[in-house]
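Q: Starting from these lines, generate the structure:
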Amino acid sequence: MLAKIPKSLFSTSSLRYLTKEQVKSYEEEGYLVIKDMLPRQIKENLPKLSSSLEELPETPGKWMKYYEVDRKTGKRLLCRIENFLPYSAELKDIAYGLITDISSDLFGEQAVIYKEKINFKFPQGNGFNAHQDQPAFVSFGIDKLLTVLLPIDPNTRTSGGLDMARKLHQERKIYSQNSDGAIRTDIEAKMNWIPVDGNAGDLIFFDSFAPHRSDINISNFTRRNLYLTYNPLSLGSFRDRYYEEKRRLFPPECERDPTKDYSEGAKVFNVANPIK
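A: Next up is the predicted model:
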């Protein structure tokens, strides 16, 4: 763990990319949408960069590929890739550069990356039930994180775009859950859900306590979303430890021991999603 950095070294006067109004909106609403923020080259290259990762073979000890099962055909569908920044120089540059700086603006102190993932939602691919990210981050006892969504493909109502529940992050509590880690159905029904669509180049930041969900992709294209999660550096740097823990408790299929039960690990690392 890195030495703590005093928060007093940071202030709103040192904002690098955001305005005070944007920071205030994020703190009040639990999420912030910034339209067309990515550099043009990155925005235009996102589909190619994602495709390169999709084509990587399942390889123990490297990138981590997770699958869901098609409900009609029973075939495996790629659902997620994690731990890919060491193998993609362009994505690493943007994650450790611009996105780290904007996350630092939102924290009011220096941010550090916690984890990364790309979610793949193929046509008719399952949605992600209403959930909070915070329960997946309990391993190291930190309770201040944010995630930024970088859409690779259009996030719309038909492609299974994101829904957010406003202001509930302020309670700093984890809601009661169904058996799959999703927010209990009767509680979800009472929440006020706001559709948050986005396109390549947009950035959508949200707090780890903010409830969110997405629906089935009924479009004719695969909807790919890149997510980067950060925590304040003052709390420590956990990325390597996170992936060590995930490989041990909920590894990708190519690393699983057929004699082991990974259901306990799934309660932390497979919250409210269709991954098998």
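
Q: contacts and neighbour counts: CA atoms only from here.
A: Noted.

Q: Which secondary structure state does the residue nearest the centre of the chain sit in?
A: For the chain, Y227 is the residue whose C-alpha lies nearest the centre (CA atoms, centre = their mean; 3.9 Å). With DSSP: H, G, I helix; E, B strand; the rest coil as the basis, Y227 sits in strand.

Q: Next, the buried residues of the biggest helix by length in the chain.
A: Ranked by residue count, the top helix of the chain under DSSP state H comes out as helix 40-54. When burial is assessed from 16 or more other CA atoms under 10 Å, helix 40-54 yields the following buried residues: 42-43, 46, 49-50, 53-54.

Q: Equivalent analysis for stretch 167-186, please.
A: Along stretch 167-186, the positions that meet the burial threshold by neighbour count (16+ other CA under 10 Å) are 167-169, 174-175, 177, 180-184.

Q: Show me how far stretch 48-55 is from its chain's centre.
A: With CA atoms, centre = their mean, to the nearest Å as the basis, the distance from the averaged C-alpha position of stretch 48-55 to the chain average is 18 Å.

Q: residue contacts, the nearest residue to the residue nearest to the centre of the chain once chain neighbours are set aside?
A: Leaving aside its sequence neighbours, Y227 sits nearest to L149 (CA to CA, 6 or more residues apart in numbering; 4.6 Å). Listed by CA atoms under 8 Å, 6 or more residues apart in numbering, the contact set of L149 reads 203-205, 225-228.

Q: So the nearest residue to K276 once chain neighbours are set aside, which state does it fall into?
A: Spatial nearest neighbour of K276, chain neighbours left out: E68 (5.4 Å); criterion: CA to CA, 6+ apart. In three-state terms, and counting by three-state DSSP, E68 is strand.

Q: For E68, give its distance to R223.
A: Remark: distance between E68 and R223 (CA to CA, to the nearest Å) = 15 Å.
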